[in-house]
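Peer 1: I would like to see how this sequence folds:
(one chain, ligands or ions: 2)
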Amino acid sequence: MKNEIGIYLIGLGVVGSGVAKQLISKEDIFTEAVGSKLVLNHVMVRNKTKKRDFQLSPDLFVDTFEEIINDDSTDVVIEVIGGVEPAKTFIIQALNNQKHVVTANKELIAKHGPELISIATENNVRILFEASVAGGTPIISPVIRDFSANNITSIKAIINGTTNYILSRMSTENADYFEVLKDAQKLGYAESDPTNDVEGVDAAYKLAILSSLSYKSFVKDSDVYCEGITNISAKDFQIAKELGYEIKLIAFSEFKDDQNSARVHPTLNSKNEMLANVNGVLNSVQIETDLIGNVLFHGAGAGSLPTASAVLADVIDISRNISSGFVVLDYMNISEKSSIVEISDLVTKYYIRVSAKDQPGVLSQISTILANHQISIASFIQKSSYDGLAELVIMTHEALERSIQDALGEIRNLNVVKAIDNSIRVMN
Ligand code: NDP
Ligand code: HSE
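Peer 2: Ligands and ions are numbered 1, 2, ... in the order given. I've put the predicted structure just below:
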């Protein structure tokens, strides 16, 4: 029985400050839950002189990670700095010094998860990363533990709070993209470089982690097809609504016939679908399994306290092991990669918005190209006409992605077409 569990926190930003505040303010509750006192014994940041909205004793701050990583009083290292390096080096050093690790770093786990898990296992310690997917909403722990008797067959999710916050406000308030992005940054939802949020990369990291754990086969971030939300305009929201859809950034993966497919892209979702109604920073993950059918996880996907909740759940879990003297190693079996289905093989419906000359024969030229590529039109609407240009909206039936892309290339080259303003997949 250990009376005190020493915690070394690297990073004191949005997530780290939430973790530190809770460790201090809920000390008694955590002591009761664990049976030992959780003590924040070291903190490392990039800039020790930065003004922070709460004070920690200056004695806690260390200058270099190496300085005290082999200090016996440290049991658990929490990494919340983000990015691959130096986080990866710090974590490997911690694991090799028999320290347990808790991290919220999706980029690192998506790229190097299996390697870090095996270093932890070799050292008889644990690495947990609940906060890396869906922020405060529990999802990794259920996938590893509660679904262990199931075959998971598909995942359909909204797993980036920043983009869902932006899309929801653009849809409901007609708000300006850049203004809403600034608000998401102020609220602590966005990554330090929000490009990863708005280009779908952050969601791709999370989908790669969830898919690897669910299908027990390594899906790397680069295996996930990825498109962001920066092309979506107020016009798309207006038309989508008229047609009965909401636009969401959807992460989808499935495991079928020994093959993985994983993709993140904007999608038109029928307003009757559950995911169409997930708004603001909320995340929603729908997991389909052979024994249960569909299970839904829904809650805060980003922000200081929700994310601190997930980090601390991992810390408490590990601390209970340490306190009892019995460390239960995690069973996270992720084998080598299965083959990946290319996006060009996808079969999906499409929304296509085109600006073209408002003159006889234009519709027939476009529909001929679609027909030549075996693409059947579900509806063809002329929205408006100004300065001799018509805005055309085409909804297709299901078609092969590569046929759609080939057809779009030909339509774009027609003399009568000014631009393909947007093309968005429609959720089946
Ligand atoms: P922030 O940018 O707010 O904070 C990063 C912290 O790390 C800062 O305290 C910074 O120090 C410190 N830091 C950065 N580089 C170094 C370094 N080389 N050495 C020591 N300290 C360093 O990030 P977040 O808190 O938002 O995110 C942290 C992690 O959590 C990321 O992996 C992120 O993806 C993940 N995450 C974030 C969520 C969120 O809602 N924000 C939700 C879920 C996961 P200083 O303060 O001195 O600049
Ligand atoms: N930037 C991420 C998001 C944080 O917006 O979802 C949570 O991982």
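
Peer 1: going by C-alpha atoms from here, please, whenever you check contacts or count neighbours.
Peer 2: OK.

Peer 1: what's the local residue count around the residue in the stretch 101-250 of the chain that ligand 1 sits nearest to?
Peer 2: Nearest residue of the stretch 101-250 of the chain to ligand 1 (Cα to the nearest ligand atom) works out as Asn105 at 3.5 Å. Neighbour count of Asn105, defined by other Cα atoms under 10 Å: 23.

Peer 1: that one and Val80 touch, don't they?
Peer 2: Yes: with contact defined as Cα atoms under 8 Å, Asn105 and Val80 form a contacting pair (6.7 Å).

Peer 1: check contacts around the residue of the stretch 101-250 of the chain closest to ligand 1.
Peer 2: 79-83, 129, 131-132 (Cα atoms under 8 Å, 6 or more residues apart in numbering).

Peer 1: those residues into CSV, with extra columns for secondary structure and neighbour count?
Peer 2: As requested, the contacts of Asn105 are exported to CSV (DSSP: H, G, I helix; E, B strand; the rest coil; neighbours: other Cα atoms under 10 Å):
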residue, secondary structure, neighbour count
Glu79, strand, 25
Val80, coil, 25
Ile81, coil, 23
Gly82, coil, 19
Gly83, coil, 14
Phe129, coil, 24
Ala131, helix, 30
Ser132, helix, 29
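
Peer 1: ok, whatever helix or strand Lys21 lives in near ligand 1 or not?
Peer 2: Element membership for Lys21 (DSSP states H and E) is helix 14-25. Yes: counting by Cα under 6 Å from any ligand atom, contacts between helix 14-25 and ligand 1 involve 14-16.

Peer 1: show me the chain divided up by domain.
Peer 2: If you go by automatic domain parsing, the domain ranges for the chain are 4-133+304-324, 140-300, 343-426.

Peer 1: so which of those comes closest to Glu336?
Peer 2: Nearest to Glu336, of all the domains of the chain, is domain 140-300, at 5.7 Å by Cα to Cα.

Peer 1: hmm, that closest one touching ligand 1?
Peer 2: Yes: Domain 140-300 comes into contact with ligand 1 (Cα under 6 Å from any ligand atom), by way of 188-189, 191-192.

Peer 1: now the end-to-end length of that domain.
Peer 2: Length of domain 140-300, first residue to last, Cα to Cα, to the nearest Å: 15 Å.

Peer 1: name the residues of the stretch 1-150 of the chain found near ligand 2, please.
Peer 2: Within the stretch 1-150 of the chain, the residues that sit near ligand 2 (Cα under 6 Å from any ligand atom) are 134-135.

Peer 1: could you dump the domains of the chain into JSON lines and include mean pLDDT?
Peer 2: Shown next, in JSON lines, are the domains of the chain (pLDDT from 0 to 100):
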{"stretch": "domain 4-133+304-324", "mean pLDDT": "95"}
{"stretch": "domain 140-300", "mean pLDDT": "95"}
{"stretch": "domain 343-426", "mean pLDDT": "95"}
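
Peer 1: including distance to Ser335, could those go into JSON lines?
Peer 2: Formatted as JSON lines, the domains of the chain follow (distance: least, Cα to Cα, whole Å):
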{"stretch": "domain 4-133+304-324", "distance to Ser335": "8"}
{"stretch": "domain 140-300", "distance to Ser335": "5"}
{"stretch": "domain 343-426", "distance to Ser335": "23"}
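
Peer 1: for Lys337, which of those is the nearest?
Peer 2: Closest approach to Lys337 among those (Cα to Cα): domain 140-300, 4.8 Å.

Peer 1: what distance separates that closest one from the centre of its chain?
Peer 2: In this view, domain 140-300 has its centroid 7 Å away from the chain centroid, taken as Cα atoms, centre = their mean, to the nearest Å.

Peer 1: and the pLDDT for Lys337?
Peer 2: pLDDT recorded at Lys337 is 70.

Peer 1: that one: which element?
Peer 2: Element membership for Lys337, per DSSP H and E: none, as it lies in no helix or strand.

Peer 1: lovely, talk soon.
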